[in-house]
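Student: Need a 3D model of the sequence below.
(chains A and B)
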Amino acid sequence: MRKIIRRIKWLEKARLGAFVKILENRMAILGIIILLAFAFSAVFADFISPYDPLHIDLEKMLEKPSTKHILGTDELGRDILSRIIYGTRISLMIGVISVIIGLLFGVPLGAVAGYCGGKIDNIFMGITDVLLSFPSLLLAIAIVAVLGTSLVNAMIAIGISQIPVFARLVRGSVLSLKGREFVEAAKGVGATNFRIIFSHILPNCLAPIIVQSTLLIASGIIAGAGLGFLGLGAQPPTPEWGAMLSRGRIYIRVAPHICFFPGLTIMLAVLGFNLLGDVLRDVLDPRLRMLKARI
Amino acid sequence: MTEPLLSIRNLKVHFYTYAGIVKALDGVDLDVYREETSGLVGETGCGKSVTSLSILRLVPNPGKIVEGKILFQGENLLEKSEEEMREIRGRKIAMIFQDPMTYLNPVLTIGDQVAEAITLHQDLSEEVIRMRIDELQKKHEQIYSSPNAEKIRAKIEKLYLTKKASPKLSWWDVKKASMKRALQVLNLVRMPYPERILNLYPHELSGGMRQRALIAMSISCNPSLLIADEATTFLDVTIQAQILHLLNELRQETKTSMLIVTHDLGIVAEMCDRVLTMYAGVIIECAKTRSLFKNPAHPYTRGLLGAIPKLHQKVEKLEMIPGTVPDLIHPPAGCKFHPRCLLAKDICKVERPGMIEVESNHFVACHLYGA
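Tutor: A predicted model of the protein is given here:
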């Protein structure tokens, strides 16, 4: 306990006050622990997983959780715990990479639209509106239908469905920051429009972007699991939580553990990211105002 | 008279609003001479800030420069492309803005912001090479006798040669070089502990230090013309005195021409060589400071000077100019001041007065003086 307090004091000294705020919130600590556990299992899957996730053992089909197989086996005798651990890699990848795609394309789109206004704004926002008018899962399904079913295509599809969210968000922030005096001062020094947008205005919009990214990773994981459930994401035998849910549906009366554990994991992962996102939202937004008003 | 550095002729700026066309500037004629400080005085709303913004062509959106010429070093700024204007802003003409809190980006360090002007306008290759040579020389001193010393000596020689050609600069090198220059500029504005300030954010500085940082941003590239737009309005009096003192020292050291836009006649008296009074979008008087304060010719200027509380005289009430600033959507015909002028004649309501020379180098736009 004392160690934690000493660490907090060091962080404050190092002017990382935001981290202090995060650590002071118990929900945040729970979220961070969950996420660290998932990150750990994703990185060290080879070491901590008790069995090979792809190893089929037809003698041990549909076994209930026991000391040998802690979470039981599935319909082909594969250890469920191992499959969940390896599935962490896939689901985290889907979540993170889809958000990266959304950021890479959505942020510049929104920033340019907000800053330039006029026709460019109308065109970009029209495209965004079209993308937003579809329910995101449907959009992802449509894109996977075009590109073909694979893990990579699933990530691209979910990423595309997240682009308009970031674009709208950034456009709003840029619109409100466009008229601020420091933009005028930057113009007065001779900065190009590109430099003003990306070096001056965007750093001021980071707070909502960070919060939204965390929350969208969570929804990306759910979308990935959804696509996997429909058989449109990672193809068998790759252990993906949604695909495991889908396969386990048939046996739910006989061996409910096949559905239950992957579902529980999905829930925990999403919970972790949501908790972190909530706390980030509390920390980043009012804090910025407080920091500015200190003097 | 030597040719002026900046010469504005018949500048008209209109703001197109839903309520009507606001004629913010209605034919402004202004000269700023080299190595001289000119002051632009007037009430709030007379168009002083619009004038300074239009010199840099930064007039905000519903406003447009409708007519006129702005000659800077012989070239008309209103005919330049946006690219060319960007080269001029910060490099040849720089502006010191009003409110140091809002005109600094809250999420960038002071060092980054001061270095921005430097990175945009200055060629830092020499600085970078000098830095690299310094580093290598330091290494050389440490391992003087070892065989590697030969290699390092060879590298230094090579760098001296590359000074002539312009080398490829990495982003990191440019950053370090611009930080060094930024440090020099911060020293120039007498900022305390400049090395620490480079890494601080604007909200961690006091008002006077922020204004110094803004001034540092403006002078970092040695502009020929410095426009101070109400630079001390938001500061308290003691800090104001320090900043004015700093500006005085700077103009003596760097011989920059300055245009000080303010509503405070005290600042004008202290800093400026010549003064222009502005009212409702036109220049109404232009003189050397001494002449203006000794013999204010225009009734408005007389009113402004009369309204200043005087410490050496006992006065019951401050003199007031009756009326308010005119509506610029429907400005008064003829002389813009005539509705408030106690000495208005019939001709003032009809014809706009041109500039008449009252004394040597003292011009007034008023029908009271004239043939």
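Student: check contacts around A:Leu169.
Tutor: A:Gly106, A:Gly110, A:Pro208, A:Ile209, A:Gln212 (CB atoms under 8 Å, 6 or more residues apart in numbering or on different chains). All C-beta spots, glycine's among them, are computed from the backbone N, C-alpha and C.
Student: phi, psi of the residue of chain A positioned farthest from its centre?
Tutor: Ranking residues of chain A by C-alpha distance from their mean position (CA atoms, centre = their mean) puts A:Gly188 at the top, at 39.5 Å. Main-chain dihedrals, A:Gly188, degrees, to the nearest 10: phi -70, psi -20.
Student: and the gap between it and chain B?
Tutor: 5 Å (CB to the nearest CB, to the nearest Å).
Student: Can you tell me, leaving aside adjacent residues, what's nearest to that residue?
Tutor: B:Met95 (4.8 Å; CB to CB, 6 or more residues apart in numbering or on different chains).
Student: That neighbour contacts B:Ala231, correct?
Tutor: No: using CB atoms under 8 Å, B:Met95 is not in contact with B:Ala231, being 9.3 Å away.
Student: May I have the residues that are in contact with the residue positioned nearest the centre of chain B?
Tutor: Centrality entry for chain B: nearest residue to the mean C-alpha point is B:Ile227, 1.1 Å, by CA atoms, centre = their mean. Each residue near B:Ile227 by CB under 8 Å, 6+ apart is listed here: B:Ser52, B:Ile55, B:Leu56, B:Ile93, B:Ala94, B:Met95, B:Ile96, B:Met258, B:Leu259, B:Val261.
Student: any chance you could read off phi and psi for the nearest residue to the third one once chain neighbours are set aside?
Tutor: Counting by CB to CB, 6+ apart, the nearest residue to B:Leu56 once its immediate chain neighbours are dropped is B:Arg89, at 5.5 Å. When quoted as degrees, to the nearest 10, the phi and psi of B:Arg89 stand at phi -60, psi 130.
Student: next one: the one 4 residues further on
Tutor: With angles defined as degrees, to the nearest 10, B:Ile93 sits at phi -120, psi 130.
Student: quick one: it from chain A, how far?
Tutor: 9 Å.
Student: Can you list phi and psi of the residue nearest to B:Ala213 when sequence neighbours are not counted for me?
Tutor: Counting by CB to CB, 6+ apart, B:Ala213 lies nearest to B:Ile110, which is 5.0 Å off, once chain neighbours are set aside. The phi/psi pair for B:Ile110 (degrees, to the nearest 10) reads phi -60, psi -40.
Student: and B:Ile110, how many neighbours?
Tutor: 29 (other CB atoms under 10 Å in any protein chain shown).
Student: what sits against it?
Tutor: Here B:Ile110 is in contact with B:Leu104, B:Leu186, B:Ile197, B:Leu198, B:Asn199, B:Leu200, B:Tyr201, B:Pro202, B:Leu205, B:Ala213 (CB under 8 Å, 6+ apart).
Student: ok, back up a step: show me which pair in the contacts of B:Ile227 is furthest apart.
Tutor: For these, the maximum inter-member distance is 14.6 Å, found between B:Leu56 and B:Met258 (CB to CB).
Student: quick check, distance from stretch B:255-274 to the centre of its chain.
Tutor: Mean-position distance between stretch B:255-274 and its chain equals 10 Å (CA atoms, centre = their mean, to the nearest Å).
Student: can you check stretch A:64-78 too?
Tutor: 29 Å.
Student: First-to-last residue distance for that stretch?
Tutor: 12 Å (CA to CA, to the nearest Å).
Student: remind me which residues of the stretch 251-371 of chain B are low pLDDT?
Tutor: B:371 (pLDDT under 70).
Student: all helices for it, in order.
Tutor: Along the stretch 251-371 of chain B, counting by DSSP state H, counting those that start in this stretch, helices occupy B:265-271, B:289-294, B:299-306.
Student: got the CA coordinates for stretch B:99-115 in PDB?
Tutor: Extracted C-alpha coordinates of stretch B:99-115, given in PDB (Å, rounded to 0.1, in the frame of the first residue of the first chain):
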ATOM      1  CA  ASP B  99      -4.300  38.700 -25.000                       C
ATOM      2  CA  PRO B 100      -1.300  36.500 -24.100                       C
ATOM      3  CA  MET B 101      -3.500  33.700 -22.600                       C
ATOM      4  CA  THR B 102      -5.700  33.100 -25.600                       C
ATOM      5  CA  TYR B 103      -3.100  33.800 -28.300                       C
ATOM      6  CA  LEU B 104      -0.900  31.000 -27.200                       C
ATOM      7  CA  ASN B 105      -1.700  27.300 -27.900                       C
ATOM      8  CA  PRO B 106      -2.500  25.700 -24.600                       C
ATOM      9  CA  VAL B 107      -1.200  22.300 -25.500                       C
ATOM     10  CA  LEU B 108       2.200  23.200 -27.000                       C
ATOM     11  CA  THR B 109       5.200  24.200 -25.000                       C
ATOM     12  CA  ILE B 110       6.600  27.700 -25.200                       C
ATOM     13  CA  GLY B 111       9.700  26.400 -26.800                       C
ATOM     14  CA  ASP B 112       7.600  24.700 -29.600                       C
ATOM     15  CA  GLN B 113       5.700  27.900 -30.300                       C
ATOM     16  CA  VAL B 114       8.600  30.300 -30.400                       C
ATOM     17  CA  ALA B 115      10.600  27.800 -32.500                       C
END
